[in-house]
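>>> fold the stuff below for me.
(one chain, ligands or ions: 1)
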Amino acid sequence: MTNLLQQAKLEPLLSEISSRRDDLILLTQDLIRIPTLNPPGKNYREICEFLDKRLTKSGFLTELVRAYGTPGDSDKYPRWNLVARRDGAGAGDCVHFNSHIDVVEVGSGWTQDPFGGALIDGRIYGRGACDMKGGLAASIIAAEAFIDTNPDFMGSIEISATGDEESGGYGGVAYLAEKGYFNPKRVQHVIIPEPLNKDRVCLGHRGGWWAEIETFGEIAHGSMPFLGDCAVRHMGAVINKFETQLFPAMAARRTEMPVVPDGARSSTMNINSIHGGQSEQDEDFTGLPAHCVPDSCRIVIDRRFLVEETLDGVRDEVESLLDELKTERPKFEYEMRELNSVLPSMTDRDAPIAVSVAKQIEIVMGKPAEFVASPGTYDQKHIDRIGTLKNCVAYGPGILELAHKPDEYVGVEDMMDSVQVMARCLADILLQK
Ligand SMILES: [Zn+2]
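Numbering: from 1, shown residues only. Predicted structure coming up:
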């Protein structure tokens, strides 16, 4: 089909999208006004019921799915998810939009009501505005406008709203993937509208490995430290080892993954916390500390790794440095406890959904799409590993750097552009060519 013909065929869809601008704003505001803080996982049921009502009206068949027994699931904070499906006029592929409904804590520094959804100068403010209620709203408007103007489309459209992404996704996408909702027989294309900027296609993310390391010593009177053994000094040696060997080695590794920002194109590690010796007293405690040699010191490490590295390799690298210390330092003892791990995920840039999204971005934005990968993980990992569905990208409105910040917002114009990209993708995949 020529571009002109294609354009003519899309005309009703595009004007339908323009006419839904106010609807998009209202929907985004309504979603922000349901405070779905995680932890602990508040109001999942409320937001799912709100979406259920809306999508049922638009002709979707909906299912509310509670992830019983997953981390954090309780009668007080049940892990509810919504899956909505709209079948077209005949057989074809299924395009699935997956958005997480949970938002992180508010934090300080806000000048706007974090759950007010105020619209000021073309921006909608609120916790979750960009990450990622704006993306969820955009995908709903795109699907509804597409269905209304092309009721005879072939295949299916699914929209899921899932919990717990901010805490690992176990009560959300991981659970649904285990139950078969992301089986490649059921779903063929997935777009996750995370805020990766409206002109970028995100192909995947780095892996993560989290562990706690503890060094041991021997308690003694602080005035005679030579009678004990200081666990904090042992930990100092661990950190020194990391500084002189691990950090330079990680910085020298570069990935082929298009990770942004550039610093994350190398392996990285954050030392998340450190604690040694006596536990901290309550804030109202006014006394002085007792004089003791600490017999334990703990750190939590957050190691992000590249698609070129293996989880075993990452683990062994740290372990072998700690074992070296055993031979170098008298009485050095440690324990390492793995807390969690996530493998990297990377969709091929020739995958059908990556190609289609990139093509629509180029048409709407007038310049080639940028392919990126995310420094941190998101729900793609579960769709990839548990669902075994590889044809998945993240694409959505909102500026990545605003996520989790005070005065988080999403731009209405950015959302409108993303709606167009998403709707054009549906046309590209679900309309007879
Ligand atoms: Zn997010």
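>>> residue contacts, the closest residue to Glu370 other than its chain neighbours?
Spatial nearest neighbour of Glu370, excluding adjacent residues (C-beta to C-beta, 6 or more residues apart in numbering): Arg200 at 4.6 Å. Using the backbone N, CA and C atoms, a C-beta is placed for each residue, glycine as well. Contacts for Arg200 (C-beta atoms under 8 Å, 6 or more residues apart in numbering) come out as 260, 361, 369-372, 395.
>>> how about a cut-off of 7 Å?
369-370, 372 (C-beta atoms under 7 Å, 6 or more residues apart in numbering).
>>> next, it: phi, psi?
phi -130, psi 140 (degrees, to the nearest 10).
>>> and it, how far from Glu309?
24 Å (C-beta to C-beta, to the nearest Å).
>>> any idea which helix or strand carries Leu426?
helix 412-430 (DSSP states H and E).
>>> which secondary structure elements does that helix contact?
Contact partners of helix 412-430 among helices and strands, from 3 or more C-beta pairs under 7 Å, 6 or more residues apart in numbering; DSSP states H and E: helix 3-19, helix 21-32, strand 90-100, helix 134-149, strand 154-162, helix 352-365.
>>> mind checking which of those is nearest the ion?
Closest to the ion of the helices and strands packed on helix 412-430 is strand 90-100 (C-beta to the ion; 5.6 Å).
>>> partners of the helix or strand that the closest one is followed by in the sheet?
Moving toward the C-terminus from strand 90-100, the next helix or strand (DSSP H and E) is strand 119-120. Each strand paired with strand 119-120, and its direction, by DSSP bridges: strand 123-125 (antiparallel).
>>> per-residue confidence averaged over the strand it pairs with?
Strand 123-125 carries an average pLDDT of 98.
>>> Leu176: which element?
Using DSSP H and E, Leu176 falls in helix 173-178.
>>> do Ala84 as well
Counting by DSSP H and E, Ala84 is found in strand 80-87.
>>> now what about that strand, what contacts it?
44-45, 48, 51-52, 55, 59-67, 147, 156-163, 172, 176, 181.
>>> secondary structure element holding Leu64?
strand 61-66.
>>> which parts of that strand are buried?
62, 65-66 (16 or more other C-beta atoms under 10 Å).
>>> so what are the sheet partners of the strand holding Ala84 and their directions?
Strand 80-87 has these strand partners (DSSP bridges): strand 61-66 (antiparallel), strand 154-162 (antiparallel).
>>> what parts of the protein come near the ion?
131-132, 194 (C-beta under 5 Å from the ion).
>>> most neighbours of all these, which one?
Met132 (30 neighbours; other C-beta atoms under 10 Å).
>>> I'd guessed that one sits against Pro193; true?
Yes - between Met132 and Pro193 there is a contact under C-beta atoms under 7 Å: 6.0 Å.
>>> need the overlap of contacts for these two.
Common neighbours of Met132 and Pro193 (C-beta under 7 Å, 6+ apart) are 99, 396.
>>> where does Phe50 fall, phi/psi-wise?
With angles defined as degrees, to the nearest 10, Phe50 sits at phi -60, psi -50.
>>> now swap in Pro71 and tell me
Torsion angles, degrees, to the nearest 10, at Pro71: phi -50, psi 130.
>>> again with the one 5 residues further on
The main-chain torsion angles of Lys76 are listed as degrees, to the nearest 10 and equal phi -70, psi -40.
>>> three-state assignment of the closest residue to it other than its chain neighbours?
Spatial nearest neighbour of Lys76, chain neighbours left out: Pro40 (7.8 Å); criterion: C-beta to C-beta, 6+ apart. Under DSSP: H, G, I helix; E, B strand; the rest coil, Pro40 falls in the coil class.
>>> ok, the buried residues of strand 61-66 vs Met415, which is closest?
Among the buried residues of strand 61-66, Thr62 lies closest to Met415 (C-beta to C-beta), at 23.2 Å.
>>> where in the stretch 301-433 of the chain is pLDDT low?
Low-confidence segments of the stretch 301-433 of the chain (pLDDT under 70): 433.
>>> mind listing the helices for it?
311-328, 352-365, 380-385, 412-430 (DSSP state H, counting those that start in this stretch).
>>> next, format the ones you listed as a markdown table and append mean neighbour count.
Putting these into a markdown table (neighbours: other C-beta atoms under 10 Å) gives the following:
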| stretch | mean neighbour count |
| --- | --- |
| helix 311-328 | 14 |
| helix 352-365 | 20 |
| helix 380-385 | 24 |
| helix 412-430 | 24 |
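>>> what does stretch 190-199 rub up against?
96-99, 130-132, 135-136, 138-139, 202, 353, 357, 361, 365, 369-370, 372, 378-380, 383, 389, 391-400, 403, 414, 417-418, 422.
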